[in-house]
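**Student:** here's a sequence, model it:
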Amino acid sequence: MTDGYNNPMSTTSLKNEQWTKIVKFLRACPQVYVGQEDRCRRFIEGVLWIGRSGSQWRLLPEKYGHWNSVYKRFARWADKAIWHKMHQYFVDDPDMEHLIVDSTIVRAHPCAAGAQKKNGGQAEQALGRSKGGFSTKIHVSVDALGNPLRFILTGGQRNDITQAEALIADLDFERLMADKAYDADDFIRLIIEEYEAEAVIPPRAKRQKLRQYDVHFYKERHLVECFINKIKHFRRIFSRFEKLANRYFSFLSFVGTLIWLR
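**Tutor:** Numbering: from 1, shown residues only. So this is what the prediction gives:
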C-alpha cells in the first residue's frame, strides 16, 4: 500500500472528494487563510496523521511540513474553534427519527496534566479521576444513522445525566434513546413534555414502579456504540495527550467531520 491523495486504502490521506468539501468550508470561513491549496491540504493531512497515529508532534513526517509550524497552526485553529465549526458545517441533513446519547471514558496520559494556572484547573480542562484513573469523559449525541451531532467533554468522574440536557438542546427528534444512566424523572419529563418525543430509556432496577419503554426501538442504540468504536480507531482520541481541553476537542471535532464525509 502506498500513501497518496487518490489511494482509497490510505488512512492518513484525504480523498479528493473530501478535500474539495473541506476547502470549500475553509474558503467561506473568514477566520481562515487558505493560501496555497496544496500546502493547506498537507497541513490538514498532517493533523490527520497525528490524530490517526497518536504520535508526538515532533515525529510528524517532514512531507507535512515542519512539525512546530503544523502544531502552531492547529493550535490557532483550536483557539478560534475552527475545527468545531468545520464539524458543525458538515452536520448536514441528519436523520432525526432517533436521537441517541451516550458517553465513553478515555484515559489521560500523565503529560495531559500541568496546564498553566491561567487556563484553570483540571476540571476546567475536562480532566478528572474515575475508576479508570486520570481520565476525560466524552459525552456524545448521534442521529438515527450514527453520525455525530454534538460532543461535550468533562472529567471522567462526571455522571452521564449531568450533560444530557445540553446534548439534546434545541434539536428536533422523534425518539430519544439512552441507557439506564439517563433514567431520571426530570430528564424523561423534559423529553416527553418539552420535546414531545418518546423516551426510549430502560428503567433502573431500583425503581419501585418500572416504567415501560419500546424494546424494539432500543435495539438501535447500538449505533452510538459503533460510533464510539469508530472514533477510538484514532489513537489521539483513544488516549488523551493534550493538556488543554480545546486541543483534544478539536481532534474530536475533526474526526467527527471525517465521519460525516465518508
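**Student:** quick one: least confident helix or strand in this protein?
**Tutor:** Here the helix or strand of the chain ranked lowest by mean pLDDT, DSSP states H and E is strand 128-130, holding a mean of 84.
**Student:** on contacts alone, who are the packing partners of that strand?
**Tutor:** Strand 128-130 sits against strand 133-142, strand 148-155, with contacts defined as 3 or more C-beta pairs under 8 Å, 6 or more residues apart in numbering; DSSP states H and E. Just so you know, the C-beta spots here come from the backbone N, C-alpha and C atoms, and that holds for glycine as well.
**Student:** sheet partners, orientation included, of the longest one?
**Tutor:** In this case it means strand 133-142. strand 98-108 (antiparallel), strand 128-130 (antiparallel), strand 148-155 (antiparallel) (DSSP bridges).
**Student:** so which of these gets nearest Phe173?
**Tutor:** strand 98-108 (3.8 Å; C-beta to C-beta).
**Student:** pLDDT on the closest one, on average?
**Tutor:** Mean pLDDT, strand 98-108: 96.
**Student:** mind listing what's buried along that strand?
**Tutor:** For strand 98-108, burial by neighbour count (16 or more other C-beta atoms under 10 Å) applies to His98, Leu99, Ile100, Val101, Asp102, Ser103, Thr104, Ile105, Val106, Ala108.
**Student:** count of neighbours near Gly133?
**Tutor:** By the criterion of other C-beta atoms under 10 Å, Gly133 has 11 neighbours.
**Student:** what's the separation between the closest residue to it other than its chain neighbours and Arg41?
**Tutor:** In space, and not counting its chain neighbours, Gly133 is closest to Arg107: 6.4 Å by C-beta to C-beta, 6 or more residues apart in numbering. As judged by C-beta to C-beta, to the nearest Å, Arg107 and Arg41 stand 32 Å apart.
**Student:** can you show me the helices along the protein?
**Tutor:** Counting by DSSP state H, one finds helices in the chain at the ranges 16-28, 37-53, 67-79, 82-89, 164-168, 185-193, 215-218, 222-231, 235-238, 245-260.
**Student:** nearest to Gly128, of these?
**Tutor:** helix 245-260 (11.4 Å).
**Student:** got the contact list for the residue nearest to Gly133?
**Tutor:** Contact analysis of Arg107 by C-beta atoms under 8 Å, 6 or more residues apart in numbering lists Gly132, Gly133, Phe134, Ser135, Ser239, Arg240.
**Student:** now the buried residues of strand 98-108 as CSV including distance to Ile50?
**Tutor:** Below are the buried residues of strand 98-108 laid out as CSV (distance: C-beta to C-beta, whole Å):
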residue, distance to Ile50
His98, 33
Leu99, 31
Ile100, 29
Val101, 28
Asp102, 26
Ser103, 24
Thr104, 21
Ile105, 22
Val106, 16
Ala108, 17
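**Student:** out of the residues you listed, flag the one nearest to Leu176.
**Tutor:** When the buried residues of strand 98-108 are compared for distance to Leu176 (C-beta to C-beta), Leu99 wins out at 5.2 Å.
**Student:** closest one to Thr154 among the helices of the chain?
**Tutor:** helix 245-260 (9.3 Å).
**Student:** show me what the closest one is packed against.
**Tutor:** helix 37-53, helix 67-79, helix 82-89, strand 133-142, strand 148-155, helix 222-231, helix 235-238.
**Student:** and the longest one, what's buried?
**Tutor:** For helix 37-53, the buried set under the neighbour-count rule, 16+ other C-beta under 10 Å, comprises 40-41, 43-53.
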